[in-house]
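Q: pasting the structure only:
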């Protein structure tokens with residue numbers, strides 16, 4: 001299922017709606033992040049089979065999702081870049097997390113196995129700045145003694161679209177590399193110093209797969225499904241760790257959701273011996289005041305169903321489900337925040 005899904009992702013997704021009749025008014029629409037798209041596809045498939053309600057989700061990148069919800073062309077937006085409270089309030093929006101996952105550097109190097117190459121955040125920043133030009137550069141070789149690094153030129157692959165994955169990645173580089181912080185910065189869309197751009201996680205994956213000597217960054221589900229050669233990163237504790245659900249969970253262990261205005265939480269460079277340093281949550285954006293109560297309720301019912309029954313699918317795809325107390329907190333926020341005519345559109349039972 002996922003090979004077909006990934007192959008078609010770049011053209012946009014219509015998830016679990018192909019069998020819906022024109023009269024199926026309960027179908028809901030969303031657009032945005034490609035980071036959670038494999039999971040939303042699985043959830044939508046199961047939800048359609050269970051309830052008959054379809055989800056049309058366009059995986060166009062977080063920037064596109066934010067634009068579409070602000071333009072009111074979809075029922076919900078999706079973004080891996082959380083919006084700060086002032087921007088949420090200015091647009092009349094509310095955001096809540098669905099799951100957590102990791103952003104992973106991937107490479108195409110002959111003879112190199114997944115997890116064999118080690119990098120630090122500072123060195124990763126220099127690579128994406130174009131300051132390290134070949135794979136056998138002494139700075140890379142010094143971290144990877146015993147690994148046969150080819151004398152290939154490094155080709156950087158980055159996102160070409162506005163992307164929450166890019167926001168997490170560039171925010172991490174800005175934390176670890178002062179030159180990156182001052183020259184490039186952290187955002188969902190930056191002026192990349194070097195490299196080629198691919199649209200969506202699938203576009204970056206495709207360019208890395210076909211370009212010898214390349215390095216890019218994708219959400220872990222894409223790396224895993226494509227059997228990409230991932231890089232091991234040094235975390236805040238000084239340990240070199242591999243990506244995976246257990247290490248994403250380690251990074252998320254100290255998240256203080258109850259103390260985060262607007263649910264604005266970043267999980268980058270967290271303490272802990274096993275913490276993956278580029279971990280993040282993905283978010284749904286909704287209007288606080290719903291023009292159509294039934295539509296708002298349909299969106300919240302879907303994600304409430306996912307909270308209750310979607311954890312197994314999330315774990316299978318190496319996403320990290322939210323802890324039960326966080327889900328309970330978010331459900332209370334729904335009832336207090338998402339309204340039509342001054343009344344809650346949905347109260348979880």
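A: Right, received. Where do you want to start? The structure displayed is predicted, hence computed values, not measured ones.
Q: pLDDT (mean, whole number) over the one helix or strand residue 250 maps to?
A: According to DSSP states H and E, residue 250 maps onto helix 245-252. For helix 245-252, the per-residue pLDDT values average out at 94.
Q: May I see the buried residues of that helix?
A: By neighbour count with 16 or more other C-beta atoms under 10 Å, helix 245-252 contains the buried residues 245, 247-252. (Glycine included, C-beta is placed from N, CA and C.)
Q: what does stretch 210-228 give?
A: Using 16+ other C-beta under 10 Å as the burial criterion, the residues of stretch 210-228 that qualify are 213-226, 228.
Q: helix/strand/coil for the residue nearest to residue 226 when sequence neighbours are not counted?
A: Spatial nearest neighbour of residue 226, excluding adjacent residues (C-beta to C-beta, 6 or more residues apart in numbering): residue 205 at 5.2 Å. When classified by DSSP: H, G, I helix; E, B strand; the rest coil, residue 205 comes out as helix.
Q: Which elements pack onto the helix holding residue 250?
A: In this structure, helix 245-252 makes packing contacts with strand 93-107, strand 278-287, strand 320-321, judged by 3 or more C-beta pairs under 8 Å, 6 or more residues apart in numbering; DSSP states H and E.
Q: Strand partners (parallel or antiparallel) of the shortest one?
A: Put plainly, it is strand 320-321. Looking at strand 320-321 with DSSP bridges, its paired strands and their directions are strand 93-107 (antiparallel).
Q: what's downstream of the partner strand, the next helix or strand?
A: Moving toward the C-terminus from strand 93-107, the next helix or strand (DSSP H and E) is strand 118-119.
Q: before we move on, back to that, run the angle between the helix holding residue 250 and strand 278-287 for me.
A: When axes from the mean of the first three to the mean of the last three C-alpha atoms, to 10 degrees is applied, the directions of helix 245-252 and strand 278-287 differ by 70 degrees.
Q: Give the next helix or strand downstream of helix 245-252.
A: On the C-terminal side of helix 245-252, the nearest following helix or strand under DSSP H and E is strand 267-268.
Q: what stretches of the protein score poorly on pLDDT?
A: Within the chain, the stretches with pLDDT under 70 are 1-25.
Q: State the next helix or strand along the chain beyond the host helix or strand of residue 127.
A: In the assignment (DSSP H and E), residue 127 maps to helix 121-129. Sequence-wise, the next helix or strand beyond helix 121-129 is helix 138-143, with elements assigned using DSSP H and E.
Q: immediately after that next one, which helix or strand?
A: Heading towards the C-terminus - elements assigned by DSSP H and E - helix 138-143 is followed by strand 155-159.
Q: Paired strands for that following strand, with orientation please.
A: Strands adjacent to strand 155-159 in the sheet, as given by DSSP bridges, are strand 196-198 (parallel), strand 214-219 (parallel).
Q: Quick check: the residue nearest to residue 226 vs residue 238, distance?
A: For residue 205, the distance to residue 238 equals 30 Å [C-beta to C-beta, to the nearest Å].
Q: Leaving out chain neighbours, which residue sits closest to residue 264?
A: Closest residue in space to residue 264, ignoring its immediate chain neighbours: residue 82 at 4.8 Å, by C-beta to C-beta, 6+ apart.
Q: circling back: counting by contacts, list what the helix holding residue 127 packs against.
A: Using 3+ C-beta pairs under 8 Å, 6+ apart as the contact criterion, the neighbours of helix 121-129 among helices and strands are helix 138-143, strand 155-159, helix 164-176, helix 178-183, strand 232-234.
Q: now, of these, which is deepest in the fold?
A: Counting by mean count of other C-beta atoms under 10 Å, helix 164-176 has the highest mean neighbour count of these, with a mean of 25.
Q: ok, residues contacting that one?
A: Applying C-beta atoms under 8 Å, 6 or more residues apart in numbering, the external contacts of helix 164-176 come out as 32-35, 61-63, 79-81, 103, 120-122, 124-125, 128, 158-159, 180-181, 184-190, 201, 217-219, 266, 268-269, 277-278, 280, 282.
Q: Of those, grab the buried ones for ChimeraX.
A: Provided next is the ChimeraX selection string for whichever of these are buried by 16+ other C-beta under 10 Å:
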select :32,33,34,35,61,62,63,79,80,81,103,120,121,122,124,125,128,158,159,180,181,184,186,187,188,189,190,201,217,218,219,266,268,269,277,278,280,282
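Q: on that earlier part again, spatially, which two of the buried residues of stretch 210-228 are the most separated?
A: By the measure C-beta to C-beta, 213 and 221 form the most distant pair in these, at 24.5 Å.
Q: Not counting its neighbours along the chain, what's nearest residue 311?
A: Residue 311's closest residue in space is residue 321 (C-beta to C-beta, 6+ apart), at 4.0 Å.
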